[in-house]
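Novice: let me see the structure of the following:
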Amino acid sequence: MAVILETRKLFKSYPMGSGKDLSVLEDINLSVEEGEIVSILGPTGAGKSSLLRIMSGLAKPSEGTVLYHGIPLENAAPNIAMVFQNFAIFPWLTVLENVEVGLKAKGIPGGIAKEKSIKTIDLVGLDGFEDAYPRELSGGMKQRVGLARALAVEPEILFMDEPFSALDVLTADNLRSEIIDLWLKKKMPIKSIILITHNIEEAVFFSDRAIVMRHNPGKIRADIQITLPHVRDKDSKEFKYILDEIYSILTRPAKELPFLLRKEKYQFIPHAKIGAISGLVELVHDKGGKVDIPVLASDLTMEVDDIFPLTEAAVFLGLAEIKEGDILLKDQGKVFAEADTLQKKEIFRDMAISNIQLLKQIMQVLSASTKHRMSEDFFIEILENHFTEDEAWNQLETAIDWGRYAELFAYDLDTGEVYLEEAV
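Specialist: Purely as a prediction, here's the structure:
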């Protein structure tokens, strides 16, 4: 099959306040062929949406090239369309008017635009709702409007940025199945679909290939061919095998970047609350100290962005390890699971101060300060040298949550200060 879209040595970074650059994507090389559905998946921080915007021509890479039919893509590609997770439809326009928007923007005459739009509305199952306004529609129907608008312009490539994540489980499953049905019966004019998702089951159900990415910064870890025939049985051994394979890849520490990051990199703390970490460790202990992560995620109805911060946090703290897609408790994790509340705090304190760079740094600053107090802004300024503004706050909030639980320090919400309690 002919290659439609290709990225070569793609890098993306953003300037930080310190004059340094924050790397979001590193050395991305992938191609999309005609007739393929390609999923790009990975945890938060993998740069999936940034990659999608670059591949569609809506954003520029810092380095590297995007080729569309072998020609460098300088601007938004003319033969692409996008479906977003937040529906992105105009509330003051009817269903028909929303679908006509893209066609009219391309200069299609009104009569032809209306005819094409009505056909596409029928195609996605919204016949009879042409004159309805978005407020009259359910979430699934709103997403169908977004899909109809994308298909009406007859794109060569359809980009989908987590299009089902805002829908309830049953509606999402139904819409996925209908899109696959349209694809298999060639009722859609598109030649390829590129899907961004953090739902591994969705990727396996939908795709011919799954591009698995790691985070901080985003890099491709694996390119997995999925040759199962459509429509796929989620309960089949073959489906579950691929699901397990992807989980194993996502949870396997990279050789060049282990869970405790390189010294020249600033450690990224997973966004996980103490109660959730404790609950995970106790659950794994109750199941014999070893659990298959896909099974665990399924039992807890969690997706990648839910389960990975918890497993990563347990690894960061030295309570568990990851092997071949399984989470296994270490000896200290078993002791933690069996401990009472006060003992848990003591164990957590020892593990946190030994393994978490930011907590060590906060303690050093507070100990050195005359008043043993320091404004949160001081730490935010340090963190913004390594993370975006939003992520800097996320990192500090997680560190404060962990530090307070471990009784390493306290936090004054009114003044926004971190302080040592014994110094008060």
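
Novice: residue 343 and residue 310, how far apart?
Specialist: Noted for residue 343: a distance of 21 Å to residue 310, by CB to CB, to the nearest Å. Where you see a C-beta, it was placed from the backbone N, CA and C, and this is true even at glycine.

Novice: more neighbours, those two?
Specialist: Of the pair residue 343 and residue 310, residue 310 is the one with more neighbours under other CB atoms under 10 Å, namely 25 against 12.

Novice: give the contact list for that one.
Specialist: 270, 272, 276-277, 280 (CB atoms under 8 Å, 6 or more residues apart in numbering).

Novice: filter these down to the buried ones and hand me the ChimeraX line.
Specialist: To isolate in ChimeraX the members of the contacts of residue 310 that are buried, counting by 16 or more other CB atoms under 10 Å, one can use:
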select :270,272,277,280
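
Novice: now secondary structure and pLDDT too, for the contacts of residue 310, in TSV please.
Specialist: As requested, those are exported to TSV (DSSP: H, G, I helix; E, B strand; the rest coil; pLDDT from 0 to 100):
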residue	secondary structure	pLDDT
270	coil	88
272	coil	91
276	helix	91
277	helix	93
280	helix	93
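
Novice: with distance to residue 314 as extra columns, can I get the contacts of residue 310 in TSV?
Specialist: Below are those laid out as TSV (distance: CB to CB, whole Å):
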residue	distance to residue 314
270	9
272	8
276	10
277	6
280	6
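
Novice: which one of the contacts of residue 310 is nearest to residue 358?
Specialist: Minimum separation from residue 358 among the contacts of residue 310 (CB to CB) is found for residue 270, which lies at 12.1 Å.

Novice: and the residue lying closest to residue 189 once chain neighbours are set aside, how far is that from residue 89?
Specialist: Closest residue to residue 189 in three dimensions, ignoring its sequence neighbours and counting by CB to CB, 6 or more residues apart in numbering: residue 154, at 4.2 Å. Distance, residue 154 to residue 89, using CB to CB: 19 Å.

Novice: okay, the two: which has more neighbours?
Specialist: residue 89 (21 against 16).

Novice: check contacts around that one.
Specialist: Per CB under 8 Å, 6+ apart, neighbours of residue 89: 98, 134, 142, 145-146, 149.

Novice: for it, give me phi and psi.
Specialist: phi -120, psi 160 (degrees, to the nearest 10).

Novice: which residues of the chain score low on pLDDT?
Specialist: 16-19, 252-265, 423-424 (pLDDT under 70).

Novice: go with 50
Specialist: Across the chain, the ranges flagged by pLDDT under 50 are 256-264, 424.

Novice: tell me the domain ranges of it?
Specialist: 3-251, 270-355, 362-424 (automatic domain parsing).

Novice: please tell me how far the second one is from the chain's geometric centre.
Specialist: Same thing as domain 270-355. 21 Å (CA atoms, centre = their mean, to the nearest Å).

Novice: and what of the last one?
Specialist: Here the centre of mass of C-alpha atoms in domain 362-424, compared against the chain's by CA atoms, centre = their mean, lies 27 Å away.

Novice: and the first one, by the same measure?
Specialist: Here domain 3-251 shows a centroid-to-chain-centroid distance of 14 Å under the convention CA atoms, centre = their mean.

Novice: now the residue nearest to residue 189, what's its secondary structure?
Specialist: Secondary structure assignment for residue 154 (DSSP: H, G, I helix; E, B strand; the rest coil): coil.

Novice: may I have the phi/psi pair for it?
Specialist: Torsion angles, degrees, to the nearest 10, at residue 154: phi 50, psi 60.

Novice: which outside residues touch stretch 275-287?
Specialist: 290-291, 296, 310-311, 313-314, 317, 319-320, 327-329, 333-334, 336-338, 344.

Novice: repeat that for stretch 327-343.
Specialist: 251, 278, 281-282, 284-286, 289-291, 293, 296, 311, 314, 318-322, 344, 347-348, 351.

Novice: before we move on, what about stretch 137-153?
Specialist: With CB under 8 Å, 6+ apart, stretch 137-153 has contacts from 81-84, 87-89, 95, 98-103, 106, 116-117, 120-121, 123-126, 129, 134, 158, 163-164, 166-168, 171-172, 174-175, 179, 188-190.

Novice: again with stretch 73-81
Specialist: 56-58, 66-68, 102, 149-151, 153, 155-159, 190.

Novice: hmm, 10 Å instead?
Specialist: Outside stretch 73-81, the residues that touch it by CB atoms under 10 Å, 6 or more residues apart in numbering are 4-7, 53-61, 65-69, 82, 102, 106, 146-147, 149-160, 189-192, 194.

Novice: mind telling me what element residue 397 is part of?
Specialist: helix 389-405 (DSSP states H and E).

Novice: immediately after that helix, which helix or strand?
Specialist: With DSSP H and E, the next secondary element past helix 389-405 is strand 410-412.

Novice: just the ones in helices from the contacts of stretch 137-153, please.
Specialist: Among the contacts of stretch 137-153, the ones falling in helices (DSSP state H) are 95, 98-103, 116-117, 120-121, 123, 171-172, 174-175, 179.

Novice: buried subset of these as a ChimeraX selection?
Specialist: For the buried members of the ones in helices among the contacts of stretch 137-153, the matching ChimeraX selection, counting by 16+ other CB under 10 Å, is:
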select :95,98,99,100,101,102,103,116,117,120,121,123,171,172,175,179
